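Asks: Take this sequence and fold it.
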Amino acid sequence: MMRHSFIFLLFLKIFLSDQIAFAQQFGPFPIVKTGAEQTEKYLPQLKDKRIALVVNATSYINNTHLVDSLLSLGVNLKKIFAPEHGFRGNADAGSDISNSIDSITKLQIVSLYGNHKKPTAEDLENIDVVIYDIQDVGVRFYTYISTLQYVMEACGENKKQLLILDRPNPNGWYIDGPLLEKKFESFVGMQAIPIVYAMTPVEYALFLNGEKLLKDSVQCQITYVLCNGYDHSVKYILPRKPSPNLTNMTAVYLYPSTCLFEGTPLSVGRGTDRPFQIVGYPGSKIGKIYFTPHSKTGASYPVFANEQCKGIDLSIYNDGFFFEQKKIFLNWLIQFYLTYPDKSIFFTSYFDKLAGTEKLKTDIITGKSDFMIHQEWQPDLLKFKETRKKYLLYKDFE
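Replies: Alright, predicted model coming up:
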């Protein structure tokens, strides 16, 4: 027991030092109280109830994980549902997450990834309330909103209450990108929303319910706790990295733009100290930096592992640049396409899934500019903004 306690404390020390360094990147963040921190607002709902948690490594109340906090408060926790990257948040993107038992709390961990993305009736059999508390980054292909949809469907179908503890959206201050077309629905895009959609988890859940977008138009019984001190114009600096390869706020702001490169043969810096902040490949004709990806935690087999790549460093941009521009940046993608030696293999089938449409690829191939492509998005974005307004619970950015 002493050995397990020592290992846990050592893990906690390493984890917290890593997360503190993340939070200090841009100095102090606004005084925002997340839903999870306001225990007085939801503990009464949990009395004498059997609880399941949908949580990951971001689900903290200050310096204590929500699991440990609720256990210390006498809440009857039955199991943990873990999304992509796992309960501890260190698994590779897309890697299989196995069911297991948490070594610290001895709670059952049920993976909501791979072939088991949606809780089953059996998973929820001895559960009264499911709590969802995950920090998102507000980008369509960041899969936690897909997990949220599956959890909502399961709760609706099995008559279980879902309590969502809201968290701010760090990209919630603008809307941009093409709307997803139905033929490109996948786990990295399940609804006809733009790449950057500017809703918090609670607002998005209300949108799914209100627009009857869940399977068979099922309705999920939702209760929630909103954030204090947040609105969609707030510059919210995440206190912890939301996943292994979004290691700082620059990566979070760049993610809507640089993740599109995951649908090309290029490296986005996985396996380096600047994932989603550098882009390149061996022999690139543009860019001035060199980098060599290596296998590491959260990036076991990165593209071009152990090969020297040449490309561009986007970590030079500060947060003010992103807040001024308020857009997805396509020029980097266009320039790499124009200079790539074999353009016929530049776009993979995964690119269309990420973009949610094949038109973005076609527009780039036919030579349209960043400005022209953005103009094409505007009619659909205006319609989406009108729909979105019905579900906003915080002051908007406009």
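Asks: what about the helices in the stretch 51-200 of the chain?
Replies: Per DSSP state H, counting those that start in this stretch, the stretch 51-200 of the chain carries helices over the ranges 66-72, 144-157.
Asks: The stretch 251-398 of the chain too?
Replies: For the stretch 251-398 of the chain, applying DSSP H, counting those that start in this stretch gives helices covering 319-325, 331-339, 349-355, 359-365, 370-389.
Asks: Tabulate those (JSON lines), appending mean neighbour count and mean pLDDT.
Replies: For every residue, glycine as well, the C-beta is placed using N, CA and C. Output for these, formatted as JSON lines (neighbours: other CB atoms under 10 Å; pLDDT from 0 to 100):
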{"stretch": "helix 319-325", "mean neighbour count": "13", "mean pLDDT": "93"}
{"stretch": "helix 331-339", "mean neighbour count": "17", "mean pLDDT": "98"}
{"stretch": "helix 349-355", "mean neighbour count": "19", "mean pLDDT": "97"}
{"stretch": "helix 359-365", "mean neighbour count": "19", "mean pLDDT": "98"}
{"stretch": "helix 370-389", "mean neighbour count": "14", "mean pLDDT": "98"}
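Asks: Mind checking those helices for the one nearest to residue 135?
Replies: Nearest to residue 135 among these is helix 319-325 (17.6 Å), distances taken as CB to CB.
Asks: Could you list every helix and strand in contact with that closest one?
Replies: Under the contact criterion of 3 or more CB pairs under 8 Å, 6 or more residues apart in numbering; DSSP states H and E, helix 319-325 touches helix 249-258.
Asks: For the helices of the stretch 251-398 of the chain, give me a markdown table that also has distance to residue 306.
Replies: Putting the helices of the stretch 251-398 of the chain into a markdown table (distance: least, CB to CB, whole Å) gives the following:
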| stretch | distance to residue 306 |
| --- | --- |
| helix 319-325 | 32 |
| helix 331-339 | 22 |
| helix 349-355 | 23 |
| helix 359-365 | 30 |
| helix 370-389 | 34 |
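Asks: Which one, of those, ends up nearest to residue 146?
Replies: Here helix 349-355 is closest among the helices of the stretch 251-398 of the chain (CB to CB), at 12.1 Å.
Asks: how about residue 376, what does it touch?
Replies: Residue 376 makes contact with 359, 363, according to CB atoms under 8 Å, 6 or more residues apart in numbering.
Asks: quick thing: my sequence starts at 588, can you match it?
Replies: Yes, from this point I'll number from 588; that puts the last item at residue 963.
Asks: Please identify the most buried of the helices of the stretch 638-787 of the chain.
Replies: Mean neighbour counts were compared across those using mean count of other CB atoms under 10 Å; the top stretch is helix 731-744, at a mean of 23.
Asks: Which elements pack onto it?
Replies: strand 637-642, strand 716-720, strand 748-752, helix 788-797.
Asks: Of these, which stretch is the most buried?
Replies: On a mean-neighbour basis (criterion: mean count of other CB under 10 Å), the most buried of those is strand 716-720, at a mean of 25.
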